[in-house]
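Peer 1: Below: sequence and its predicted model.
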Amino acid sequence: MTRGYLVVYAKCTGSNFSGHAPDVPGCVSAADTLQEMSEMMREALEFHFEGLASHGEPIPDAVTVNVEFKPEDFEGVEYFVVQKLEINVPARDSSELNAHQAA
């Protein structure tokens, strides 16, 4: 199953990109290019969701549909990119995940 999660990438002044998904606190990534950032964020979210599922924890719902920026958000940031990523989401029930991995 896939779900569309909104992700935010910040091009840091004189540096690389950082990324996060507002609906998934604590799941972040960084990369040198925007293309890499998108790939790394997808991998980070899928890895994070697999860990949650394997521990029987719920996968966060994808509810954010827009992001509002404040002037202070731009400190140290050249620009932001907002993207919707389709992410593979494992079964919510850890026994379902374990049965799938054993197959």
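Peer 2: Done, it's in.

Peer 1: Tell me, how many residues neighbour Ser69?
Peer 2: Let me fix one detail, which is that residue 69 is Phe and not Ser. Neighbour count of Phe69, defined by other CB atoms under 10 Å: 12. Where C-beta positions appear, they are placed from N, C-alpha and C, glycine not excepted.

Peer 1: Thr2 too?
Peer 2: Look at Thr2: counted by other CB under 10 Å, it has 10 neighbours.

Peer 1: show me the contacts for it.
Peer 2: Taking CB atoms under 8 Å, 6 or more residues apart in numbering, we find Thr2 in contact with Glu86, Ile87, Asn88, Val89.

Peer 1: Specify the beta-bridge partners of it.
Peer 2: With DSSP bridges applied, Thr2 shows beta-bridge pairing to Asn88.

Peer 1: quick one: it from Thr13, how far?
Peer 2: 34 Å (CB to CB, to the nearest Å).

Peer 1: Check Glu75 too.
Peer 2: According to CB to CB, Glu75 and Thr13 sit 9 Å apart.

Peer 1: More neighbours: which of the two?
Peer 2: Each of Glu75 and Thr13 has its neighbours counted (other CB under 10 Å); Thr13 has more, 11 against 8.

Peer 1: Thanks again, I'm all set now.
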